[in-house]
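Q: Sharing a sequence plus its predicted fold:
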Amino acid sequence: MRIGTGETVDAAQAVEALGLADRERLREGLAATLLHGTAQRQVFDPVFDLYFPRGVGAPKEVSAGREDMRTRLSEALAANDEALMARLAAQAVDGFGGYGNSPGSDGWSSYQTLEWLRPQTLLAPVRDTLRAQHGASDFADRLLEDEIRRRIAVFRALVATEARRRIAERRGRDELARRAVATTTDRVDFLFAGKDRLAELRRSVQPLARKLATRLAARRRRAARGSIDLRRTLRGSLSTGGVPMKPVLRRRRPARPELVLLCDVSGSVSGFSDFTMLLVQALHDQFSKVRVFAFVNRLDEVTRLLEHGAADPEGLGARIRAEATLTGWHGSSDYGVALGEFAGHHGDAVSPRATVFVLGDARTNMSDPNLSAVREIAERARRVYWLNPEATAQWGTGDSAAYEYAGLVEMHECRNVRQLSALVGRLLPI
Amino acid sequence: MFTSVDDVSARLAETGYLASPAIATTVFLADRLGKPLLVEGPAGVGKTELAKAVAEVAAAQLVRLQCYEGVDESRALYEWNHAKQLLRISAGRDESWDEARTDIFSEEFLLPRPLLTAIRGDEPKVLLIDETDKADVEVEGLLLEVLSDFQVTVPELGTITATRRPFVVLTSNASRELSEALRRRCLFLHIGFPEEELERRIVRLKVPGLDETLARSVVRVVGALRAMDLRKVPSVAETVDWAHTLLALGADHLDETVVRDTLGVLLKHQDDILKAGAKLDLDAV
């Protein structure tokens, strides 16, 4: 996060204006002065909890036994009493979350606490209690289970926050803030994104596509203003006695950029390919001609599956895997065969106006990388770029043929939304 | 303008705007620090309403600049009244050129547009720059001068500086990323969907005839819809609309038929309606 001196001064003024008495107000005040976007909030909140903890040390109330704890938790869940849930979380971490007993290797684990307490199993009892209380069944009661599930999720988050707070007291806040706080969505590694992070990433791709579209439009507008056309300027000056009053600009012939994408959609890069697919779908409107090919070890055109509006982005990856012929005799990726097939059968897709993007980790599973096919594609296309979702340090290790390909075409590391947007903005033709 | 955060909540509530703690805190800070407030969030959660409520509380004039693609300097800042200038020139036939020239670029011929209106004069003002993200990037540059120094430069007249700073609210749906420079000048507030409790109070306030248990059910159903993965989840405005609809239909409790028949008030896409219907088991009974 970039926070300058100006923001720091504002934050100090905010603290002065609000006082330190109300923790939630302080949180909102600091957020308002320090943050510039919604996405930063998920980094800000855990850090705030670390530096402005709810309490210090162990909770005053000592936790009772497991069953007693579960009873009280189910009461809290039934009443949706978040303050009580926070108190219970503190007690639970204190009672069941500790591990190790030598200094340096001990700590507090939210995982262990939740395993002990198993709040998810309280769903049924809480539901029954609430049903019994309400008596007559209402339409909204069929939503009850989902609501309780959400409350349990809140409790789990509270336990995690509490465990972090206790560890921070032991190990120092700065270290924990550096290591244990998740990054903003645009820096999450495609290949290691968890399931909940994937959904978030998916949401961040939509505005990204829009951003790119506006940037491209601006670039196209600027590019349309060409240089001065001397001949037509002088011709125009005849009516003003040879004084060139009105410069005439040379009109540019609008280029029709063509985009060809070759996407590895094998399991190892599935997170990455899902996003690029979404992005491609979003860019579909922007380009006169986009052709998309997907491959694992066979290659097939999937452009028709991306038709704008017709497809829901959710099932896109699954649909591509279901409807296109992507695998032959085995299920692991083979770049050599796929690229060769592209150069051989779909060579007509690549014209001198086309920009080709290859999206994949270049891990060939020890098979022949088929460099001549890549060379052939590179010769025919205007530009070829390879976006690799692996860290540069891992290129060339194991079965990766990254450097061999990088010798032929421009290869870029593209691990997160931030890099992807920077790259696509820079590399896309006008 | 405000003495404390509680004062903000209380006085906004008097005008019919129920603010969450986050909203109240940020409005208080914006007033205290004298900084513009950038409000982001989905459509229909009360971003524009907030500016209106603040204007009402402060008994201030609300100056609104509605942004759209192509809004420019002459729409946002000021224009010269060309017709009047021409009239002035043709009215004074026999004066010298110098007299005429100095005259026609004076205050009299200036047509102030929202930004200039907001910083001139001594009466309290609330400047609402609505849907800032719809405007072109160039307009943001224009806003920078106004928002950091509260001044506007008119070449012929010089710099006009505000004697009394307006309370500035910028709203955005985040359909375009606003520039970092603009964000740095503002306090940032994200208004999301309100908590269940707050939303129930909003519904009760806006639809007084609705009975308490029905309001509770309404808010719960809307909450469940928001948890679904829909193209456009219902926002507060839709919740209130739905409550009005139910009241007009005379429904005293929610059941499958009522929900199915009125789902169109909440959801604006056919596939959303189908999806929600399936998830809520509307056809099971």
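A: Noted; the coordinates are in hand.
Q: For the rest of this, base every contact and every neighbour count on C-alpha atoms.
A: OK.
Q: How much space separates the residue of chain A found nearest chain B from residue A:396?
A: Residue nearest to chain B within chain A: residue A:32 (4.6 Å; Cα to the nearest Cα). Applying Cα to Cα, to the nearest Å, the value for residue A:32 to residue A:396 is 45 Å.
Q: the more surrounded of the two?
A: A direct count of neighbours by other Cα atoms under 10 Å in any protein chain shown for residue A:32 and residue A:396 places residue A:32 higher, at 29 against 14.
Q: Which residue, neighbours along the chain excluded, lies closest to the more buried one?
A: Residue nearest to residue A:32 in three dimensions, not counting chain neighbours: residue B:188, with 4.6 Å by Cα to Cα, 6 or more residues apart in numbering or on different chains.
Q: pLDDT at the one you found, what is it?
A: At residue B:188, the model reports a pLDDT of 93.
Q: Surely it is in contact with residue A:40?
A: No - in this structure, residue B:188 is not within contact of residue A:40 by Cα atoms under 8 Å, at 11.2 Å.
Q: who's more crowded, those two?
A: residue B:188 (27 against 16).
Q: Which secondary structure elements does the least confident helix or strand in chain B by mean pLDDT sit against?
A: Least confident helix or strand of chain B, by mean pLDDT, DSSP states H and E, is helix B:97-104 with a mean of 73. Counting contacts by 3 or more Cα pairs under 8 Å, 6 or more residues apart in numbering or on different chains; DSSP states H and E, helix B:97-104 packs against helix B:82-91.
Q: Beta-bridge partners for the residue of the stretch 101-250 of chain B found nearest chain A, please?
A: Among the residues of the stretch 101-250 of chain B, residue B:188 lies closest to chain A, at 4.6 Å counting by Cα to the nearest Cα. Listed by DSSP bridges, the beta-bridge partners for residue B:188 are residue B:38.
Q: residue contacts, it?
A: A:31-33, A:35-37, B:37-40 (Cα atoms under 8 Å, 6 or more residues apart in numbering or on different chains).
Q: out of those residues, who's nearest residue B:228?
A: The closest of the contacts of residue B:188 to residue B:228 turns out to be residue B:40 (Cα to Cα; 21.7 Å).
Q: got a list of what that closest one touches?
A: B:47, B:171-174, B:188-191.
Q: Out of those residues, list just those in strands.
A: B:171-172, B:188-190 (DSSP state E).
Q: Disregarding flanking residues, what is the spatial nearest neighbour of residue A:58?
A: residue A:94 (6.5 Å).
Q: got the contact list for the helix or strand hosting that neighbour?
A: Counting by DSSP states H and E, the element that carries residue A:94 is helix A:82-96. Residues from elsewhere that reach helix A:82-96 (Cα under 8 Å, 6+ apart): A:58-59, A:61-63, A:69, A:73, A:76-77, A:108-110, A:112-113, A:116-117, A:155, A:158-159, A:162-163.
Q: do stretch B:111-130 as well
A: Identification of contacts with stretch B:111-130 by Cα under 8 Å, 6+ apart yields B:48, B:51, B:54-55, B:58-67, B:74-81, B:146, B:150-152, B:160-172.
Q: How about stretch B:144-159?
A: Here stretch B:144-159 makes contact (Cα under 8 Å, 6+ apart) with B:35-36, B:77, B:105-107, B:115-116, B:119, B:160-162, B:165, B:181-182, B:185.
Q: List the buried residues of it.
A: B:144, B:146-147, B:150-152 (16 or more other Cα atoms under 10 Å in any protein chain shown).
Q: now swap in stretch B:50-66 and tell me
A: Within stretch B:50-66, the residues scored as buried using 16+ other Cα under 10 Å are B:50-58, B:60-66.
Q: So which of those sit within strands?
A: B:61-66.
Q: Going by neighbour count, which residues in the helix holding residue A:94 are buried?
A: For helix A:82-96, by 16+ other Cα under 10 Å, it's A:84-96.
Q: Quick check: next helix or strand after that helix?
A: Next along the chain from helix A:82-96, counting by DSSP H and E, comes strand A:98-99.
Q: what pLDDT, on average, does that next one get?
A: 80.
Q: List of residues touching it?
A: Against strand A:98-99 from outside (Cα under 8 Å, 6+ apart): A:106-109.
Q: List of residues touching stretch A:53-61?
A: A:87, A:90-91, A:94, A:165-166, A:169.
Q: Done for today, thanks.
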